Structures are given as C-alpha cells and as structure tokens.
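Participant: Prediction below, plus the sequence it came from.
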Amino acid sequence: MPDAPIADLIVTDALIVTADADFTVIEGAAVAVRDGRIAALGPAAEIGREASEVIDAGGAILMPGLVNSHCHAGDSLFRGLVEDLPLEPWLQTVWKAERAILNRDTVRLGATLGFAELLLSGVTSVMDMFWFPDQAVHAARDLGMRVATGGIFIDFPGVDHVTHDDRLRAAKAFFAEFDGAEDVFPTIMPHGSYTVGPDNLTSAKALAEEYGALFSTHAAETQAEQTDIANRYGRSVIRHLDHLGLLDARTVLAHCVWLDDEEVEILARTGATVSHNPVSNLKLASGIARIPDLLRAGARVTIGTDGAISGNDLDMWMALRLAATLHRGATRRADAVSTRQALAMVTREGAAALGALDRIGSLEPGKFADMILIDTSRVHATPIFDPMTHIVFSTAKSDVRDVFVSGRRVVKDGALTGIDIAETLARVRALTPEIAASIA
C-alpha cells in the first residue's frame, strides 16, 4: 500500500510574504498544510509536491489573511442610505433605520452580505459589533471565516428591546454556545461610553474578565463625544475608560481620533489596542487619528473598515493604503507610518489584538493556514521590486484570487465556495424598498 501524502495541501511557486516577526519574504516558495495548520514552508524544491492537493500559485503573492479589527457587517444592508452628516445626527438616522428593519433574520442576511464582501477581498478574521451576534457567527460559518463577536451592550432598549440584565444573560449564553470554538473569538462589546453608563460598562468588563473574553467599544471618535463625556464625568473618554479599569491588553478601542498626549501614553501603558478606521473617520468628518504618535509611544494599532453604512464598502485594502499614506500627508513626514508598520496592522497586530497571534496573523509552522493568494499578473503589478510595498500601496481587493481558512479554499478564482451569494443579493434587493422607506 503506498504511503499517504505528507500534506493535505501544498501551494507552490509562490512569492511568500510571511508577516512573521522579521517580515521574511521567500521567492519561489511553497507552503504545506496538514490538518488545517501550516506544516512547513520554504523554497518550493524543499517542500516538494507530495500532497492530496497541489495548487500552483504561478508566482502570485501568498500572505496571511487580513484581520479587520472593527466592523458592523450587518449594516451592509444600509450602504449609502444616510449621507453627508457628522456622526451624532448620522447615528440618529441610522438607528431609526435599524429599528425598522433589523431582526434576527435580517441581521443574518446583512452579516452574510458584509462577510462575503470581506472574504472575497481576503479578510479571514473580523471583529464584528452588531445586534444578535450569534447570527453573525452563523453567517461567518456559512462562508468559512473567523469572527470576534459577542454580547452587545447599550443602555437604551435597541433593536432587540432588552434590558442590561438581559444583555448580561445573553452574553453568557453566547459564551456557552461557542465555548472552545476555533472560529469564534468571544468578545464583550459595549457600544461606547456615551451610550453605556459607568456601572454597565464595568459590569460588562467584569463579565469579559470572568470568561477571558475580549472587550471592544467605540472611543474618542469625535470632538462632540469628548465634550459630552467630559461634561458628564469630568474626564476625557480615554481617562474615563482608564478610571473605570477597562483598558488592558484584551481591550480593542475603535477610532481614538481625538486624543491628547497623556491619553496616547495611557493607551501605550495599558496595552489597549487602537483600531484605526480611516475611511469612516474621513467620510463622517470625524478627523484624523494620531496614529504616528500612538506608534511612537508603543501602542498597538490595527485597522478596521467600520460598517458599509459609514464608509460605503468594506475595503480593507483602501483602509490599509490610507493608513500608510494619510499620516504622511498630515504630518509632512514620509516615514510617519512605515510600510512594515502598515502591513503589520492588518496581519500580526490584528491577530495580537484578538489574542490569537499564536494561531493566525502570519505564515509560520504550527499556525492555522489562513492565507490569501494575490494575483501579480496584472498591469499594476508589473514590475514588483518589493512585494510588501506592492501589498500596501498597489494591491486592490479585486487582486485577491484565492482565500484559505485552516487550509480550506473558501474563495477560488475570485468566487465564494461556501454559498451561492446570488440568493443573498436577491433577498437584499427585495428588501431595499422597505429599507429606503424606513427613514422617509
């Protein structure tokens, strides 16, 4: 009887950008996958072709799947619905639409739409804050991607019409349902310090601590928010969160646009992650975050898309390019955010924010084979002198050819393999008139 293949999958003839600690790049390389994890990688001649399936990359870039550290995928249902408003009045209209349209079924529909967009563009893990988080998990599983999500906290009833105690119970039920799942990063998700009071924030954090979960909230997104929190509690947003004991290495703060020097140092000291959402911050006229100062202070910075309702798409490549260029223009320093720093934000730093750098975020033996193939045969990919520069400054979401999660090909030649997305699109189109009428 012949010996079994040494690997389940080998991707060969690839230009590998590992995103490991040294940002190793290997030309003419291959990755071998066994039981969903990377068994070996290196020069193709050393890896060989002994596997159940061999994919010839044809010189394409092979890199880790992207990590989106802040999203509201279900809000993809409302893409382009509320325009030309700053955050605070914009939110009031958004919430009106959500109250009219959202239920468990439509949340799953919207999550499927949003996650499909992310997966097709090479995002393999996403931190998603939205109503009915179990529906987000089901949508992510249908597609074959990982999701960080969990109990939502907000002091008013919300679209789910429940109390804070109900939210605590629902969060515990979520943790029980998905305990030990490799594709779910359990998270507690209060909306923000302006929509959740101190007592409810601290009880939500206590629950996160009890279950070893992540804790994520919006923070310091606008000047109006800073003024509101200072008037209520006598402290700025970050100082308020720090005073309540909410900031640590398992905390992910979305936006952090309006910070002073001391707040930058607080974030660095506590180990909290800042999820930078440049597209949303620009479109809502919220401002430009102090990313170079945060990096210089040693704070962890990652990248998110926010929801398609605020940025109109879920394009991590646009967010990546803005993160790498916007701050150069704002500071007039060409080294304000380096290419390597930007690439780390969407790979290894994103994984670290999820407490999962030991499993995802780079291509290294022992980690999950979450990886993407980027087509390098196109006009804008010729020539390539440095693949990391090409990734950060030239790559578009349409360049993503194949996507693998735990070695399973969930996108093949630019098409989803897990679901027929046409059914989802038809359902969303049928719902569109009702969505439009929701804010009339």
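Facilitator: Right, received. Where do you want to start?

Participant: Would you mind measuring from the one residue sitting closest to the centre of the chain to Leu119?
Facilitator: Nearest to the mean C-alpha position of the chain, by C-alpha atoms, centre = their mean, lies Asn68 at 1.5 Å. Computed with C-beta to C-beta, to the nearest Å, the distance linking Asn68 and Leu119 is 10 Å. All C-beta atoms are positioned from the backbone trio N, CA, C, and that covers glycine.

Participant: Then Gly307?
Facilitator: 16 Å.

Participant: Over to His390?
Facilitator: 22 Å.

Participant: Provide a list of residue ranges in this structure with pLDDT below threshold.
Facilitator: The chain contains residues with pLDDT under 70 at 1-5.

Participant: That one - how does it break down into domains?
Facilitator: The chain breaks down by automatic domain parsing into domains covering 7-65+361-416, 66-353.

Participant: now these in TSV, with distance to Thr432?
Facilitator: Below are those laid out as TSV (distance: least, C-beta to C-beta, whole Å):
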stretch	distance to Thr432
domain 7-65+361-416	22
domain 66-353	9
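
Participant: out of the ones you listed, nearest to Ser438?
Facilitator: domain 66-353 (3.8 Å; C-beta to C-beta).

Participant: hang on, the earlier thing: out of His390 and Leu119, which sits in the busier spot?
Facilitator: Comparing His390 with Leu119 by other C-beta atoms under 10 Å, the one with more neighbours is Leu119, at 27 against 22.

Participant: helices or strands up against the strand or helix carrying that one?
Facilitator: Assigned by DSSP states H and E, Leu119 belongs to helix 104-120. Judged by 3 or more C-beta pairs under 8 Å, 6 or more residues apart in numbering; DSSP states H and E, the packing partners of helix 104-120 are strand 66-71, strand 123-128, helix 133-143, strand 400-405, strand 408-412, strand 415-416, helix 421-437.

Participant: Looking at the ones you listed, which is nearest to Gly271?
Facilitator: strand 66-71 (14.8 Å).

Participant: Name every strand pairing with the closest one and say which way it goes.
Facilitator: Strands that pair with strand 66-71, judged by DSSP bridges, come out as strand 123-128 (parallel).

Participant: The nearest residue to the residue nearest to the centre of the chain once chain neighbours are set aside: how many residues sit nearby?
Facilitator: Distances taken as C-beta to C-beta, 6 or more residues apart in numbering put Val126 closest to Asn68, at 4.3 Å, once the chain neighbours are dropped. Applying other C-beta under 10 Å, we find 31 residues neighbouring Val126.

Participant: do Arg232 as well
Facilitator: Neighbours of Arg232 (other C-beta under 10 Å): 13.

Participant: before we move on, the earlier item: go through the domains of the chain and pick out the most buried.
Facilitator: domain 66-353 (a mean of 21; mean count of other C-beta atoms under 10 Å).

Participant: Distance from that one to the middle of the chain?
Facilitator: Distance, stretch centre to chain centre, for domain 66-353: 9 Å (C-alpha atoms, centre = their mean, to the nearest Å).

Participant: Quick check, Glu98 in contact with Pro157.
Facilitator: No - Glu98 is beyond contact range of Pro157, at 12.0 Å (criterion: C-beta atoms under 8 Å).

Participant: Val33 bridge partners, please.
Facilitator: Val33 has these beta-bridge partners by DSSP bridges: Leu9, Ile38.

Participant: contacting residues for it?
Facilitator: Contact partners of Val33, counting by C-beta atoms under 8 Å, 6 or more residues apart in numbering, are Ala7, Asp8, Leu9, Ile10, Val11, Ala39, Ala51, Ala369, Phe404, Gly407.

Participant: Let's have these in CSV, adding distance to Lys172.
Facilitator: Listed next are the contacts of Val33 as CSV, based on distance: C-beta to C-beta, whole Å:
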residue, distance to Lys172
Ala7, 40
Asp8, 37
Leu9, 38
Ile10, 43
Val11, 41
Ala39, 38
Ala51, 43
Ala369, 33
Phe404, 33
Gly407, 33
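
Participant: Can you show me the helices along the stretch 151-300 of the chain?
Facilitator: Ranges of helices within the stretch 151-300 of the chain are 164-177, 198-211, 223-233, 237-243, 261-270, 278-283, 291-297, based on DSSP state H, counting those that start in this stretch.

Participant: of all the ones you listed, which lies closest to Asp20?
Facilitator: It is, among these and with distance given as C-beta to C-beta, helix 291-297, at 19.4 Å.

Participant: Remind me what that closest one packs against, helices and strands.
Facilitator: Contact partners of helix 291-297 among helices and strands, from 3+ C-beta pairs under 8 Å, 6+ apart: helix 261-270, strand 273-276, strand 300-303, helix 316-331.

Participant: Could you rerun that using 10 Å?
Facilitator: With contacts taken as 3 or more C-beta pairs under 10 Å, 6 or more residues apart in numbering; DSSP states H and E, helix 291-297 sits against helix 261-270, strand 273-276, strand 300-303, helix 316-331, helix 339-345.

Participant: To Gly28, which of these lies closest?
Facilitator: helix 339-345 (21.1 Å).

Participant: From the contact counts, what lies against that closest one?
Facilitator: Here helix 339-345 touches strand 66-71, strand 273-276, helix 291-297, strand 300-303, helix 316-331, helix 348-353, helix 387-393, going by 3+ C-beta pairs under 10 Å, 6+ apart.

Participant: go with 6 Å
Facilitator: The contact analysis (3 or more C-beta pairs under 6 Å, 6 or more residues apart in numbering; DSSP states H and E) places helix 339-345 against strand 300-303, helix 387-393.

Participant: mind exporting that helix as CSV, just the C-alpha atoms?
Facilitator: C-alpha atoms of helix 339-345 as CSV (Å, rounded to 0.1, in the frame of the first residue of the first chain):
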residue,chain,number,x,y,z
THR,A,339,5.3,50.1,5.0
ARG,A,340,6.1,47.4,7.5
GLN,A,341,4.1,49.1,10.3
ALA,A,342,1.1,49.4,8.0
LEU,A,343,1.3,45.7,6.9
ALA,A,344,1.6,44.6,10.5
MET,A,345,-1.6,46.4,11.3
